[in-house]
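Colleague: model this:
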Amino acid sequence: MAAPLRAIRAAELREHTSRASLWLVLNGRVYDVTAFQFEHPGGKRVLLEHAGSDATHAFVSLHSPKAYAMLDQFCVGVFAPDEPEFDATRARATAETRAPPADGGDGVAGANVARAGA
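Modeller: The predicted structure is shown next:
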């Protein structure tokens, strides 16, 4: 059984908005893509544009299931909206919905997406 992911609040996420430390949120999970920015097929600029924020919409509209398969190696935690009653169990359930649909669709319809500040 994998260790539970740590909760990362918006304030911490906003500390990682540069080429030196580049984090973003995808479907409720936080990813450190600092090392990947130089390999990203779309270039590092687009990653920097979404650094420190929720990039879910941009990601699901452009990426294939192959891209989803690469995500786990970059995951550093689960996004925890700045709510005093944050429920880690609910966040884990939201994060587990990140996989693309089995039919190879774009993953947008019916997606359970955590939004920053929502």
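Colleague: what's the burial count for Leu71?
Modeller: Residues near Leu71, counting by other C-beta atoms under 10 Å, number 17. From N, CA and C alone the C-beta is placed, and that goes for glycine too.
Colleague: Ignoring the adjacent residues along the chain, who's closest to it?
Modeller: Once flanking residues are discounted, Leu71 sits nearest to Tyr31: 6.3 Å by C-beta to C-beta, 6 or more residues apart in numbering.
Colleague: show me the residues around that neighbour that make contact.
Modeller: Trp23, Leu24, Val25, Leu71, Phe74, Cys75, Val76 (C-beta atoms under 8 Å, 6 or more residues apart in numbering).
Colleague: between those residues, which is nearest Phe38?
Modeller: Using C-beta to C-beta, Phe74 comes nearest to Phe38 of the contacts of Tyr31, at 13.4 Å.
Colleague: Need the pLDDT of that closest one.
Modeller: We have a pLDDT of 93 for Phe74.
Colleague: Can you say which helix or strand has the closest residue to it other than its chain neighbours in it?
Modeller: Distances taken as C-beta to C-beta, 6+ apart place Tyr31 nearest to Phe74, at 4.2 Å, with adjacent residues excluded. Following DSSP states H and E, one finds Tyr31 within strand 29-32.
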